[in-house]
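Enquirer: Build me a model from this:
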Amino acid sequence: MTQCTYHRNYRDLKTGKEEHFECREPEWKGGRCKFHSKHYLKNKTEKDVIQEFEQLLDREVKISSVLLCIGYHLPSISLESILDSSRKINMYIYFNNAKFYKKIDFSDIKFSKHVSFTETEFYDTVSFRASEFSEDVDFSHAKFKGNSNSFQFTKFEKQADFSHGEIRNAKFIQTEFAKVNFNYRTFVNNTFFANAKFHGTSVFKNTIFQGKTDFSESIFSESVVFENTEFAPFVNFIQSEFKGHCIFNGNISNVSFLGMEIDKIKFGNEVSWKTQDPESKREKIKSLLNWVRNSDFKIFDERNLENQFKENKETIISLESIKNLYRDLRDNFDLRLRYETSGEFHVREMELKRKYREKHKDGKIVTVKRNPFLKHASIHWAYNILAQYGQSYYRPIYFAVIIISIASVYFLFNGVKSSDNEQIEYSFTELLLKSIARSIAGLIPFDIFNEQIEYSDRILRVTLLPVSATFFIALKRRLERKFRH
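Expert: Numbering: from 1, shown residues only. All right, here's what the predicted structure looks like:
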């Protein structure tokens, strides 16, 4: 009898070596056996295919400890026939490059040996609910095309590899991972990791979350890396706990860190809070002039608060919690000597104070907008314009130069008087120098030129006083940060 011609290399998860698989099943048609021919499933009823697969399981469990179903075309199958009384499978299982066209339910099964689903395609619902993997399991390059893929309450006691490929509507609720790799994995639609436990190293490099993602109340006991990870449209880490080293690098504009302790989080040099949406012309002008900080460092939770006001919804987000988060981010970057970014978050916190306030309403505290006039005619607003809330020491210099230039022109065309009020003829150069000196003297609250003080001098000194004060405040803050550590 002619043998199936299908063959393929695969990686032995136990040894890590590459092995060669050759199908031993008899040929059915076109050089392929019943399980490797994509046409056999169409010509036979699913019941017949399932029955033949059950016969294969009965035979393999008696003669081998390895189940090699590499490249198989299968409908909805069951592994019940090879389970012992405790629902444990004591075989190495390889479904590499297999195709499952119908619903797969491997729930509540204990896989005691290595399991591989490398490059497997699941076309319908998949469930590993409450299953346990005692050894390494490989789902790398597997494609989950069904509308629901559940790994709820599943335990991965060794390495779990989910790198590369797509998975739709993934549910990892209360799942436990020893070590897991989600590199280059694309999560389509909503994804749930709520209450998941990551006991070992967890890696999400170049991972894409295309729908809403919930990591709420998850626990990361060791290091976790989110590098070049795309979060859209919303990722929730509320009350998650990072006990080990955590790195975020890339765009995290859609990540909510409310209710988290972020002191152990390290934000990489490429981290960005800038939204991908195009800014309005007004915001672009503000950004260009750099008088008011744009939204580059506006976290998701503040933008969410703004959207609630735009949609006239009740503000359920605590204003104080967002301000606390900005303070935590500021302290986080201060600790790592990244003072420029730290200052950005200080500005964002002060802007929140300027725009919003909390008040009691119906027995609860709600966030409301401040009066538009007071918002743009307040000390906070002036402090932001003058020195970006004490973060910019060069901005007061700009204002001082402008004011002194205007004053110098005024004094130039109003003449320079001597101490006895006699008009003296000076050359234009002398007159210009004296006018500039007189204007610069306005930076000092007492007369050093022994000239007669006029009302214009007093007005100049009063005008320059807040400019000088904000300059020294900003300079003091800069020096304190420089020599703190």
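Enquirer: So this protein: which segments form each domain?
Expert: Following automatic domain parsing, the chain resolves into domains at 297-383, 394-484.
Enquirer: Let's have those domains in CSV, adding mean pLDDT, mean neighbour count and distance to residue 4.
Expert: Every C-beta, even on glycine, is put in place using the N, C-alpha and C of the backbone. Formatted as CSV, the domains of the chain follow (pLDDT from 0 to 100; neighbours: other Cβ atoms under 10 Å; distance: least, Cβ to Cβ, whole Å):
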stretch, mean pLDDT, mean neighbour count, distance to residue 4
domain 297-383, 82, 15, 54
domain 394-484, 75, 14, 71
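Enquirer: which one of those lies closest to residue 179?
Expert: domain 297-383 (26.4 Å; Cβ to Cβ).
Enquirer: and stretch 106-123, how far from the chain's centre?
Expert: 30 Å (Cα atoms, centre = their mean, to the nearest Å).
Enquirer: Name the residues of that stretch that are buried.
Expert: For stretch 106-123, burial by neighbour count (16 or more other Cβ atoms under 10 Å) applies to 106-107, 109-123.
Enquirer: and the top helix by length along the chain, what other elements does it pack with?
Expert: Under DSSP state H, the helix in the chain containing the largest number of residues is helix 455-484. The elements that helix 455-484 packs onto, with contact taken as 3 or more Cβ pairs under 8 Å, 6 or more residues apart in numbering; DSSP states H and E, are helix 339-355, helix 379-387, helix 394-413.
Enquirer: re the thing from before, mind checking which of the domains of the chain is nearest residue 13?
Expert: So among those, domain 297-383 is nearest, using Cβ to Cβ, at 39.3 Å.
Enquirer: Endpoints of that closest one, how far apart?
Expert: Taking Cα to Cα, to the nearest Å, domain 297-383 runs 19 Å from one end to the other.
Enquirer: residues in contact with the residue nearest to the spatial centre of the chain?
Expert: Residue closest to the mean C-alpha point of the chain, counted by Cα atoms, centre = their mean, is residue 252 at 3.0 Å. Counting by Cβ atoms under 8 Å, 6 or more residues apart in numbering, residue 252 touches 226, 229, 231, 271, 272, 273.
Enquirer: re the thing from before, what inclination does the longest helix of the chain have with respect to helix 394-413?
Expert: Relative orientation of helix 455-484 versus helix 394-413 (axes from the mean of the first three to the mean of the last three Cα atoms, to 10 degrees): 160 degrees.
Enquirer: Just want the angle from helix 455-484 to helix 339-355.
Expert: Here helix 455-484 runs at an angle of 130 degrees relative to helix 339-355 (the same axes, to 10 degrees).
Enquirer: now the angle from helix 455-484 to helix 379-387?
Expert: Between the axis of helix 455-484 and that of helix 379-387 there is an angle of 80 degrees, by the same axes, to 10 degrees.
Enquirer: ok now helix 455-484, how far from the chain's centre?
Expert: Computed by Cα atoms, centre = their mean, the chain-centroid distance of helix 455-484 equals 38 Å.
Enquirer: again with stretch 107-124
Expert: Taking mean C-alpha positions (Cα atoms, centre = their mean), stretch 107-124 and its chain are 30 Å apart.
Enquirer: gap between the two ends of it?
Expert: 15 Å.
Enquirer: Please apply the same query to stretch 12-19.
Expert: From start residue to end residue, stretch 12-19 stretches across 6 Å - Cα to Cα.
Enquirer: Just the buried residues of that stretch, please?
Expert: Buried-residue list, stretch 12-19, by 16+ other Cβ under 10 Å: residue 13.
Enquirer: what sits up against it?
Expert: Stretch 12-19 is contacted from outside by 9, 10, 11, 92, 114, 115, 116, 135, 136, 138, using Cβ under 8 Å, 6+ apart.
Enquirer: Could you pull up the mean pLDDT of it?
Expert: Mean pLDDT, stretch 12-19: 91.
Enquirer: And stretch 142-149, by the same measure?
Expert: Rounded mean pLDDT across stretch 142-149 is 94.
Enquirer: returning to what we had before: which of the contacts of residue 252 count as buried?
Expert: Listed as buried from the contacts of residue 252 are 226, 229, 231, 271, 273; burial here means 16+ other Cβ under 10 Å.
Enquirer: Verify the stated contact: the first one with residue 208.
Expert: No. Proximity of residue 226 to residue 208 does not meet the contact threshold set by Cβ atoms under 8 Å, at 11.7 Å.
Enquirer: The contacts of residue 252 in strands, which ones?
Expert: Mapping these onto strands (DSSP state E) picks out 226, 231.
Enquirer: Same list, the contacts of residue 252, but as a markdown table with distance to residue 460 please.
Expert: Formatted as a markdown table, the contacts of residue 252 follow (distance: Cβ to Cβ, whole Å):
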| residue | distance to residue 460 |
| --- | --- |
| 226 | 54 |
| 229 | 54 |
| 231 | 52 |
| 271 | 45 |
| 272 | 43 |
| 273 | 41 |
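Enquirer: could I get the contacts of residue 252 as a markdown table with distance to residue 370 and pLDDT?
Expert: Converted to a markdown table, the contacts of residue 252 look like this (distance: Cβ to Cβ, whole Å; pLDDT from 0 to 100):
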| residue | distance to residue 370 | pLDDT |
| --- | --- | --- |
| 226 | 35 | 95 |
| 229 | 36 | 93 |
| 231 | 31 | 91 |
| 271 | 31 | 90 |
| 272 | 29 | 88 |
| 273 | 24 | 87 |
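Enquirer: so where do the helices sit in the stretch 1-150 of the chain?
Expert: Using DSSP state H, counting those that start in this stretch, the helices found in the stretch 1-150 of the chain span residues 40-43, 46-63.
Enquirer: Alright, that wraps it up for me.
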